[in-house]
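Undergrad: I need the structure of the sequence given here:
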Amino acid sequence: MNNREVFLIDLIGSYAGMDYYDFAFRNVFNNTDLELRILSNYEPHDGKPFLRNMFGKSKSHSILLMLYNYCKLFFFCLFHRKRVYVYLSFGEITDFLFFSLSLLTKNFYVDIHELFAARYQENERIKKIFGVYYRRIIKKIIFHSQKTDELLNLVGYVGNRLYVPHFKYNMNKDYNIEKVGDDVKMRFNSNNKKFLFFGNLRKVKGIDLVVDYFDKISNTDGIELVIAGKNMENINFESLRNRYGIIDRHINDDEMKYLYSHTDYVLLPYRDSSQSGILEMAFSFKKPMLLSSIPYFTMIYSNYPSFGEITDLEYYDKLLDKIINSQIIKEYYSEADCDKFMMKDETNIFVKQFINSFS
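TA: The predicted model follows:
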């Protein structure tokens, strides 16, 4: 090992598609003398995964795997104190345990994807505990949005902050059709207008609005809908199953690429978000997005209006009506907007600041 190694700690990894972010993070340092290594539950390098997947298991099994991962990381950090670490945080209670790793090394950064997970937005006790951890334990932070910056101010964080736009996914769009399930293969094979809702199926992401809208359509000729992802809140899709593609399970990478490659529109009727990997994927595949006007999406749309359409959540059904009934083929994703979205200048500034912060 050498002192120019950076270790990216990603507990979620391939379980929920964070491996794409990991590789994008690593790629921005390709032209530097840093070597970024990934510690996660998949195989980014030759050999076995460093961590175990602790998600989608029974509660007792998940706890045992979490403790295994913590112990492995604890001793790794303990014996490699001079290395640089970046821990991906999603505002989960498990972060409380793993934040303690920052006490083992002076170069420990928390890369914030969500300061508080969506289910804790109304839990003032949990939010206060996060505030205590950030004020007293975390010394260095990487953040990606104005919302996160404001929340850090709200909890009284005064440590070092490095801003960088959320790294844009740069991925191989090819897929192995043999790894695509039959329930996915049979979708998006028509000339109809195709709509995709992808990701964890939660009300905060507006899945209930999608169900309500498409359930009311009496004549589905000319349209096709696929809802794909893990059913996190036991949403009832029975009224849709006979007419649309409901694939409420874990979706592997090849299946995801298949769905994004074949859809016409990506549905994003979110109620709240400070960033979105779904949006990143839609951009990567150049699929127009139908957005709700939450602050983050409004910011995206105001800067890159060719990426899709936007409306207030209460009028989202009207937007779908317009898209379904329109005979006009609109051009999306202008070259100017795409170049601007990549934000290469801002990313290069971050790389320099990051290197200087521990050199």
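Undergrad: hey, where'd the strands end up in the stretch 1-150 of the chain?
TA: For the stretch 1-150 of the chain, strands defined by DSSP state E, counting those that start in this stretch occupy the ranges 5-9, 35-39, 84-89, 108-112, 140-143.
Undergrad: and those as a markdown table, adding mean neighbour count, distance to Lys57 and mean pLDDT?
TA: Yep, even glycine has a C-beta here, placed from its N, CA and C like the rest. What follows is the strands of the stretch 1-150 of the chain, written out as a markdown table (neighbours: other CB atoms under 10 Å; distance: least, CB to CB, whole Å; pLDDT from 0 to 100):
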| stretch | mean neighbour count | distance to Lys57 | mean pLDDT |
| --- | --- | --- | --- |
| strand 5-9 | 22 | 20 | 94 |
| strand 35-39 | 19 | 20 | 92 |
| strand 84-89 | 24 | 20 | 96 |
| strand 108-112 | 25 | 25 | 95 |
| strand 140-143 | 22 | 29 | 95 |
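Undergrad: show me where the stretch 1-150 of the chain dips below the pLDDT cut-off.
TA: 1-3, 44-47 (pLDDT under 70).
Undergrad: swap the cut-off to 80 and go again
TA: 1-3, 14-17, 44-47, 118, 121 (pLDDT under 80).
Undergrad: which residues touch the one helix or strand Ile310 maps to?
TA: Per DSSP states H and E, Ile310 falls inside strand 308-311. Strand 308-311 is contacted from outside by 265-266, 282, 288-293, 297-298, 301, 318-319, 322-323, 332, using CB atoms under 8 Å, 6 or more residues apart in numbering.
Undergrad: is Asp111 bridged to anything, and to what?
TA: Judged by DSSP bridges, the bridge partners of Asp111 are Leu88, Ile142.
Undergrad: number the residues from 34 up from this point.
TA: Renumbered: residue one is now 34, and that last one reads Asp144.
Undergrad: pretty sure it contacts Phe123?
TA: No - in this structure Asp144 lies outside contact range of Phe123 using CB atoms under 8 Å: 9.9 Å.
Undergrad: residues touching Lys218, list them.
TA: Counted by CB under 8 Å, 6+ apart, Lys218 has contacts 210, 291.
Undergrad: go again using 10 Å as the cut-off
TA: 210, 288, 291 (CB atoms under 10 Å, 6 or more residues apart in numbering).
Undergrad: Phe221 too?
TA: Counted by CB under 10 Å, 6+ apart, Phe221 has contacts 227-229, 257-259, 278, 291-297.
Undergrad: reformat those residues as a markdown table; add neighbour count, pLDDT and secondary structure.
TA: Supplementary listing: the contacts of Phe221 in a markdown table, determined by neighbours: other CB atoms under 10 Å; pLDDT from 0 to 100; DSSP: H, G, I helix; E, B strand; the rest coil:
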| residue | neighbour count | pLDDT | secondary structure |
| --- | --- | --- | --- |
| Lys227 | 21 | 97 | strand |
| Phe228 | 24 | 97 | strand |
| Leu229 | 27 | 98 | strand |
| Glu257 | 21 | 95 | strand |
| Leu258 | 26 | 97 | strand |
| Val259 | 21 | 97 | strand |
| Gly278 | 19 | 94 | strand |
| Tyr291 | 23 | 96 | helix |
| Leu292 | 26 | 97 | helix |
| Tyr293 | 21 | 96 | helix |
| Ser294 | 13 | 95 | helix |
| His295 | 18 | 96 | helix |
| Thr296 | 25 | 97 | coil |
| Asp297 | 15 | 96 | coil |
